[in-house]
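[1] need a structure here:
(one chain, ligands or ions: 1)
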Amino acid sequence: MVIGVLGAGTMGAGIAQLAAQNGHKVILVDKQEVQLKKAKDQLALILLKLIDKHKITSEKANEIQSAITYSTELSAFSSCGIIIEAILEQLDVKHSAFEQLEKVVSKECILASNTSSLSIASIGGALQKADRVLGIHFFNPAPLMPLVEVIPAVQTNVSFLEQAVSLMKSWDKTVVVCKDTPGFIVNRVARPFYGEALRIYEEGIADFATIDWAMTEIGGFKMGPFTLMDYIGNDVNYAVTTSIFEAFYYDPRFKPSFTQKRHSEAGFFGRKSGRGYFDYSEGAIIPTPVKDYELGQQIVDRILAMLINEAYDAVFMQVATAEAVDLAMTKGVNYPKGLIQWSKEIGTKEILSRLEKLFADYGEDRYRPNPLLRKEVLH
Ligand SMILES: NC(=O)c1ccc[n+]([C@@H]2O[C@H](COP(=O)([O-])OP(=O)(O)OC[C@H]3O[C@@H](n4cnc5c(N)ncnc54)[C@H](O)[C@@H]3O)[C@@H](O)[C@H]2O)c1
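    Numbers count the residues shown, from 1 in each chain. Next up, the predicted model:
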């Protein structure tokens with residue numbers, strides 16, 4: 001099958017590489033010639049590194065490179081069986097692209113979006129034949145991250161969904177199918193990792209370095225919340241949080257934080273701007289955490305209880321199965337354990353009592369325990 005990729009930025013370039021590595025002919029289209037050139041040059045560098053590391057032969061590298069055709073014209077997509085769109089995260093821009101795409105492809109061509117936060121149904125709304133629209137959400141970098149969330153919209157025909165799932169499996173991806181709801185699985189369930197860490201900081205319980213130390217050293221996470229937000233970019237992370245908060249009709253569970261807003265407003269985006277919660281300039285003093293294990297454990301217990309509550313909510317609201325939610329968090333964002341499994345190891349009763357205590361202490365709806373978690377405890 002010929003694979004079309006629209007948008008040759010960070011994600012599009014990665015998806016094109018992945019498809020070519022899996023033996024497909026790929027058409028990569030971007031409206032900017034300069035982006036296509038950048039994608040081509042970057043791929044050449046990546047392939048050289050892979051040859052150096054003996055991961056691929058130079059013949060395979062040549063095959064991958066010659067499998068990709070670069071174009072600025074949508075008409076280049078005419079022979080594709082699927083198009084994966086990875087352009088700007090803006091609904092009007094995606095609508096106009098999907099409208100144009102439909103004019104150049106066959107009726108059987110699947111039209112997929114790599115959107116992180118927009119509704120697939122709304123993207124499909126731009127199509128005449130919307131039963132072939134779906135979400136295929138990759139994680140960055142697409143060739144390396146094992147998880148793919150596949151999202152059927154209310155309009156999607158099941159046969160197109162099955163085709164997309166088997167295509168992703170043939171690329172050795174771990175596939176989770178989930179409902180077309182804000183943030184899908186990963187970007188929804190992960191919100192408290194950032195939000196509760198920010199809240200703990202705002203209450204003056206601990207500083208950034210101490211919270212990060214607790215979550216890595218005691219919690220076993222690969223990266224602390226503030227280091228991770230600095231990697232993602234505070235502007236990007238704040239925008240995702242805000243869009244999820246709005247999409248959930250302002251549910252206080254997803255309320256954005258002033259601290260992150262202020263950092264974003266100040267241009268403290270994180271690594272890319274040289275300063276975020278931490279200072280990345282040369283010679284900057286690295287803050288030392290307060291290595292108080294009792295305090296650290298309290299921080300981990302609180303953030304983890306909130307993450308687990310969110311995982312139960314995703315299962316409760318039928319976004320995905322418990323197995324899919326656990327797979328998504330371990331394969332998409334490298335959590336040390338699946339959250340549902342983790343809750344069983346700690347004891348669901350203990351998690352419920354942590355949440356009930358938070359709820360009683362603060363009286364805020366944000367801490368309400370999920371009904372499915374409550375049900376688990378009763379069983
Ligand atoms: N960056 C991530 O970590 C990540 C992860 C998962 C999903 N996503 C989603 O993937 C999509 C792309 O993100 P990105 O980070 O690769 O963006 P990016 O800014 O790196 O690349 C976007 C590319 O799209 C091109 N483009 C914009 N409008 C176009 C149009 N109308 N026609 C053709 N090309 C057009 C731009 O020239 C640019 O090359 C977004 O929907 C984003 O939410 C991003």
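
[2] find the nearest non-adjacent residue to whatever residue of the stretch 251-379 of the chain ends up closest to the ligand, please.
    Nearest residue of the stretch 251-379 of the chain to the ligand (C-beta to the nearest ligand atom) works out as residue 332 at 9.9 Å. C-beta here means a position set from N, CA and C on the backbone, and glycine is covered the same way. What sits nearest to residue 332 in space, not counting adjacent residues and going by C-beta to C-beta, 6 or more residues apart in numbering, is residue 147, at 3.8 Å.

[3] my guess is the residue of the stretch 251-379 of the chain closest to the ligand contacts residue 140, does it?
    No - if you go by C-beta atoms under 8 Å, residue 332 and residue 140 don't touch, sitting 10.4 Å apart.

[4] who's more crowded, the two?
    Neighbours were counted for residue 332 and for residue 140 using other C-beta atoms under 10 Å; residue 332 has more, 24 against 12.

[5] mind checking how far the more buried one is from residue 84?
    Separation of residue 332 from residue 84 (C-beta to C-beta, to the nearest Å): 17 Å.

[6] if we can go back for a sec, quick check, pLDDT for the residue of the stretch 251-379 of the chain closest to the ligand.
    What the model reports as pLDDT for residue 332 is 92.

[7] over to the one 4 residues further on?
    In this model, residue 336 is scored at 97, pLDDT.

[8] how near is the nearest residue in space to it that is not next to it in sequence to residue 258?
    Closest residue in space to residue 336, ignoring its immediate chain neighbours: residue 220 at 4.0 Å, by C-beta to C-beta, 6+ apart. For residue 220, the distance to residue 258 equals 29 Å [C-beta to C-beta].

[9] next one: residue 71
    Taken as C-beta to C-beta, the span from residue 71 to residue 258 is 45 Å.

[10] so which of these two has more stuff around it?
    A side-by-side neighbour count of residue 71 and residue 258, using other C-beta under 10 Å, places residue 71 first with 16 against 11.

[11] torsion angles phi and psi at the closest residue to the more buried one other than its chain neighbours?
    The shortest distance from residue 71 to any residue other than its chain neighbours is 5.1 Å, reached at residue 29 (C-beta to C-beta, 6+ apart). Dihedral pair for residue 29: phi -120, psi 140, per degrees, to the nearest 10.

[12] likewise residue 115?
    phi -50, psi 140.

[13] residues near it, how many?
    Neighbourhood size, residue 115 [other C-beta under 10 Å]: 22.

[14] buried set for stretch 280-288?
    Buried residues in stretch 280-288, counted by 16 or more other C-beta atoms under 10 Å: none are found.

[15] quick one: contacts of that stretch?
    Here stretch 280-288 makes contact (C-beta atoms under 8 Å, 6 or more residues apart in numbering) with 207, 208, 209, 230, 270, 271, 274, 275, 278, 279.

[16] and the helix-or-strand element of the chain with minimal mean pLDDT, what does it pack against?
    Across the helices and strands of the chain, mean pLDDT, DSSP states H and E gives its lowest value to helix 234-247, namely a mean of 93. The helices and strands touching helix 234-247, judged by 3 or more C-beta pairs under 8 Å, 6 or more residues apart in numbering; DSSP states H and E, are helix 186-189, helix 191-202, helix 258-265.

[17] just say which of those is most tucked in.
    The highest mean neighbour count among the helices and strands packed on helix 234-247, using mean count of other C-beta atoms under 10 Å, belongs to helix 186-189: a mean of 24.

[18] what's it packed up against?
    Using 3+ C-beta pairs under 8 Å, 6+ apart as the contact test, the elements touching helix 186-189 are helix 234-247, helix 293-316, helix 322-332.

[19] at 6 Å what do you get?
    Helix 186-189 sits against helix 293-316, with contacts defined as 3 or more C-beta pairs under 6 Å, 6 or more residues apart in numbering; DSSP states H and E.

[20] so the residue nearest to residue 71 makes contact with residue 69?
    No - applying C-beta atoms under 6 Å as the test, residue 29 and residue 69 come out as separate, 9.1 Å apart.

[21] who has more neighbours out of these two?
    Comparing residue 29 with residue 69 by other C-beta under 10 Å, the one with more neighbours is residue 29, at 27 against 14.

[22] tell me the contacts of the more buried one?
    Neighbour list for residue 29: 6, 71, 76 [criterion: C-beta atoms under 6 Å, 6 or more residues apart in numbering].

[23] if we can go back for a sec, give me the neighbour count for the residue nearest to residue 336.
    Residues contacting residue 220 under the criterion other C-beta under 10 Å number 12.

[24] helix/strand/coil for it?
    Three-state call for residue 220 (DSSP: H, G, I helix; E, B strand; the rest coil): coil.

[25] contacts only, for the closest residue to the ligand within the stretch 1-150 of the chain.
    Distances between the stretch 1-150 of the chain and the ligand by C-beta to the nearest ligand atom are smallest at residue 9, namely 1.7 Å. Contact analysis of residue 9 by C-beta under 6 Å, 6+ apart lists nothing.

[26] that one and residue 16: what is the separation?
    Applying C-beta to C-beta to residue 9 and residue 16 gives a distance of 11 Å.

[27] what about residue 59, how many residues nearby?
    Residue 59, neighbours per other C-beta under 10 Å, totals 9.

[28] er, residue 5 actually
    Using other C-beta under 10 Å, residue 5 is surrounded by 32 other residues.
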